[in-house]
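Visitor: Could you work out the structure for the sequence below:
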Amino acid sequence: MKGNIKRVIWIILDSVGMGALPDADKFDDVGTNTIVHIAKFNNGLNIPNMTMLGIGNIDGMEYLERSENPIGAYGRSKEISMGKDTTIGHWEMIGIYSKQPFPTYPNGFSKEIIDLFLEKSGLKEKGITEVLGNCTASGTEIIKKLGEEHMKTGKPIVYTSADSVFQIACNEAVYSNEELYGMCRAAREILIGDNALARVIARPFKGDCAENFERTAARRDFSLLPPKENLLVYMKEAGMNVIGIGKIEDIFAGEGITEAVHTKDNEDGMDKTLEYMDVIPSGLIFTNLVEFDSKWGHRNDPSGYGKGLEAFDRRLKEVMDKMSDNDLLIINADHGCDPTTKGTDHTREYIPLLVYSKLMEKGKNLGTLESFGDIGQTISDIMGVKKLSIGKSFYESL
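Guide: Now for the predicted structure:
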């Protein structure tokens, strides 16, 4: 099969974990299980295509329907990196092991960081000498609370979460998206060394009062630059296509990406994936579907999450129908975000893995992979590029 696979379609279901990892107690995540708790809350999930691939057959999977004759390979994976966020999860997938977690700021950012941000962003020159917020908060709640003051004063709203993030929210009527992105670039430049957090995130919103404030689809992530020793760079150096769909380009700060497109939502992400399948015959089409995490996981909405999974499953059939004999489809998550827990943060969980090609052996149980890097190492093996520093290829098992 290896020599016949010319293109990999890799879809990340952002935050769709499947049960607490053995070290979940260190992250206060004992008992979490994103997909199973969503399924139980909704009295089941109508996901026939993922069922056909074998999602219910994965070792340790509960409640979901099993397939008697699955057509895909299926398994789950541990995470060896010290974290449970988007950046660390995606980095590990492509061969980057993060021994230390990125810094977090549960009490907000220091005066030194905020003052430097105001100076480097040019806000201080405009007479703005402080920010609003500077605390841990829900993105939707903080704009309701502080959005009107922001519009009156021009002070940006800065906040964080349990993740390693510096988030800036601005109303599009006060600052254009490009002005907001400029603030984020300034923050990214100063958040280095001991303060090298994972992502600076632009959170534009619209509306003229607290009752109608709404975040827009113009979110942008400004990530820490990853080490160059990774799958995406190796593929690009080998002259291969590496297409980033959704926030993939942002997660990797553009490293190793040959072409990218941002998306409004999961549906748009699937539309773009199908469009690229029509025009990119080889290489990697790498898609992140963020709404599972941002819209339903962090907002503790298991009902919406369940509907989102069912909507993805319907679109999945379109991808499978469009696949040629030279395609390999990989579907997995990057962490958990159990919407049934009391908190709204990511959760330290196993991730499910589904693999499908018309050429491979059907119904193969891949068991439990020791690292997310096994996925990237398998792609590296199939594509014939440099071996990654972590991960074990499961190509032979296919």
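Visitor: what's the helix or strand hosting Asp313 in contact with?
Guide: Using DSSP states H and E, Asp313 maps to helix 302-322. The contact list for helix 302-322 (Cβ atoms under 8 Å, 6 or more residues apart in numbering) reads 9, 11, 13, 16, 35, 37-39, 41-42, 45-50, 266-267, 270, 273-274, 277-278, 289, 291-292, 295-297, 329, 331, 339-340, 356. For glycine as for every other residue, the C-beta is placed from the backbone atoms N, C-alpha and C.
Visitor: for that helix, which positions count as buried?
Guide: Residues 302, 304-309, 311-313, 315-316, 319-320 are the ones in helix 302-322 that count as buried (16 or more other Cβ atoms under 10 Å).
Visitor: which stretches of the stretch 1-150 of the chain form helices?
Guide: Ranges of helices in the stretch 1-150 of the chain, per DSSP state H, counting those that start in this stretch, are 34-41, 48-53, 86-93, 111-120, 139-153.
Visitor: okay if I get the ones you listed as a markdown table plus mean neighbour count?
Guide: Formatted as a markdown table, the helices of the stretch 1-150 of the chain follow (neighbours: other Cβ atoms under 10 Å):
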| stretch | mean neighbour count |
| --- | --- |
| helix 34-41 | 24 |
| helix 48-53 | 21 |
| helix 86-93 | 27 |
| helix 111-120 | 16 |
| helix 139-153 | 18 |
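Visitor: Which of those sits closest to Ala20?
Guide: helix 34-41 (10.0 Å; Cβ to Cβ).
Visitor: The closest one vs helix 302-322, what angle?
Guide: With axes from the mean of the first three to the mean of the last three Cα atoms, to 10 degrees defining the directions, helix 34-41 sits at 110 degrees from helix 302-322.
Visitor: For helix 34-41, name the packing helices and strands.
Guide: helix 302-322 (3 or more Cβ pairs under 8 Å, 6 or more residues apart in numbering; DSSP states H and E).
Visitor: Beyond the helix it packs on, next helix or strand please.
Guide: As the chain continues past helix 302-322, the following element, by DSSP H and E, is strand 327-332.
Visitor: re earlier: of all the helices of the stretch 1-150 of the chain, which lies closest to Gly367?
Guide: Gly367 lies closest, by Cβ to Cβ, to one member of the helices of the stretch 1-150 of the chain: helix 48-53, at 16.0 Å.
Visitor: what's the closest one packed up against?
Guide: Checking 3+ Cβ pairs under 8 Å, 6+ apart, helix 48-53 ends up next to helix 302-322, strand 351-356.
Visitor: Give me the buried positions along the last one.
Guide: Counting neighbours by 16+ other Cβ under 10 Å, one finds that the buried residues in strand 351-356 are Ile351, Pro352, Leu353, Leu354, Val355, Tyr356.
Visitor: what angle separates the following helix or strand past that strand from strand 327-332?
Guide: Following strand 351-356 in sequence order, the next helix or strand is strand 365-369 (DSSP H and E). Per the same axes, to 10 degrees, the angle that strand 365-369 makes with strand 327-332 is 50 degrees.
Visitor: for the helix or strand following strand 365-369, packing partners?
Guide: Using DSSP H and E, the helix or strand that follows strand 365-369 in sequence is helix 373-383. With contacts taken as 3+ Cβ pairs under 8 Å, 6+ apart, helix 373-383 sits against strand 7-13, helix 86-93, helix 231-237, strand 327-332.
Visitor: again, only this time at 6 Å
Guide: Judged by 3 or more Cβ pairs under 6 Å, 6 or more residues apart in numbering; DSSP states H and E, helix 373-383 is in contact with helix 86-93.
Visitor: Disregarding residues adjacent in the polypeptide, which is nearest to Tyr105?
Guide: Thr160 (4.9 Å; Cβ to Cβ, 6 or more residues apart in numbering).
Visitor: beta partners of the one you found?
Guide: Thr160 has these beta-bridge partners by DSSP bridges: Thr136.
Visitor: lowest confidence element among the helices and strands of the chain?
Guide: None of the helices or strands of the chain scores lower by mean pLDDT, DSSP states H and E than strand 220-223, at a mean of 93.
Visitor: one step back: could you dump the helices and strands packed on helix 48-53 to a markdown table with mean pLDDT and distance to Leu191?
Guide: As requested, the helices and strands packed on helix 48-53 are exported to a markdown table (pLDDT from 0 to 100; distance: least, Cβ to Cβ, whole Å):
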| stretch | mean pLDDT | distance to Leu191 |
| --- | --- | --- |
| helix 302-322 | 98 | 31 |
| strand 351-356 | 98 | 28 |
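Visitor: Can you lay out these as TSV showing distance to Gln100?
Guide: As requested, these are exported to TSV (distance: least, Cβ to Cβ, whole Å):
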stretch	distance to Gln100
helix 302-322	31
strand 351-356	21
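Visitor: wait, which of these is closest to Gly256?
Guide: Here strand 351-356 is closest among the helices and strands packed on helix 48-53 (Cβ to Cβ), at 21.4 Å.
Visitor: Show me the strands paired with the closest one, marking each as parallel or antiparallel.
Guide: Strand pairing for strand 351-356, using DSSP bridges, gives strand 73-77 (antiparallel), strand 327-332 (antiparallel).
Visitor: Mind exporting the C-alpha coordinates of it to CSV?
Guide: Taking C-alpha atoms only, strand 351-356 is exported to CSV below (Å, rounded to 0.1, in the frame of the first residue of the first chain):
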residue,chain,number,x,y,z
ILE,A,351,-7.8,10.5,21.6
PRO,A,352,-9.7,8.3,19.1
LEU,A,353,-8.0,7.4,15.8
LEU,A,354,-9.7,6.2,12.6
VAL,A,355,-7.8,5.3,9.4
TYR,A,356,-9.2,4.4,6.1
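Visitor: right, so of the helices and strands packed on helix 48-53, which gets closest to Asn57?
Guide: Comparing the helices and strands packed on helix 48-53 by Cβ to Cβ, strand 351-356 comes nearest, at 10.0 Å.
Visitor: Kind regards, and thank you for your time.
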